[in-house]
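Peer 1: fold the stuff below for me.
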Amino acid sequence: MVTGITEVKMAAPDPKDAYTARKARLVALVIAGTMLLWLGVQIVGGSLGLPPRYALLADLAAVAGFIWALIVTYQIWRARRT
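Peer 2: Have a look, this model is predicted:
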């Protein structure tokens, strides 16, 4: 006879947690991809001698990607607080 052992039941995984985890992975990929693409455009644009307006266009696209990631990160944070 074994004494002192309690049975622990695992709760079913919450589908909301899986959704927020998927969104978090997407945010991570967008941040990394945006940074890599922005760096690539800066390097290639500089070596090809492209006009500065293309660098500005790449900068604005990168800012848009980072703002989107910030908004979605805030949504994930709010969803996990409830």
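Peer 1: may I ask which helix or strand of this structure has the lowest mean pLDDT?
Peer 2: helix 15-48 (a mean of 94; mean pLDDT, DSSP states H and E).
Peer 1: can you name every helix or strand that that helix contacts?
Peer 2: Helices and strands touching helix 15-48, by 3 or more CB pairs under 8 Å, 6 or more residues apart in numbering; DSSP states H and E, are helix 52-81. All C-beta atoms are positioned from the backbone trio N, CA, C, and that covers glycine.
Peer 1: so which bits of the least confident helix or strand of the chain are buried?
Peer 2: 20, 27, 31, 34, 38, 41, 45 (16 or more other CB atoms under 10 Å).
Peer 1: the nearest residue to Lys16 once chain neighbours are set aside: neighbour count?
Peer 2: Excluding the flanking residues, the one nearest Lys16 by CB to CB, 6 or more residues apart in numbering is Ala79, at 7.0 Å. By other CB atoms under 10 Å, the residues close to Ala79 number 13.
Peer 1: with the one 3 residues further on instead?
Peer 2: For Thr82, the number of neighbouring residues by other CB under 10 Å comes to 5.
Peer 1: so how far is Ala58 from the residue positioned nearest the centre of the chain?
Peer 2: For the chain, the residue nearest the mean C-alpha position is Val27 (1.4 Å; CA atoms, centre = their mean). Val27 is 20 Å from Ala58, where distance means CB to CB, to the nearest Å.
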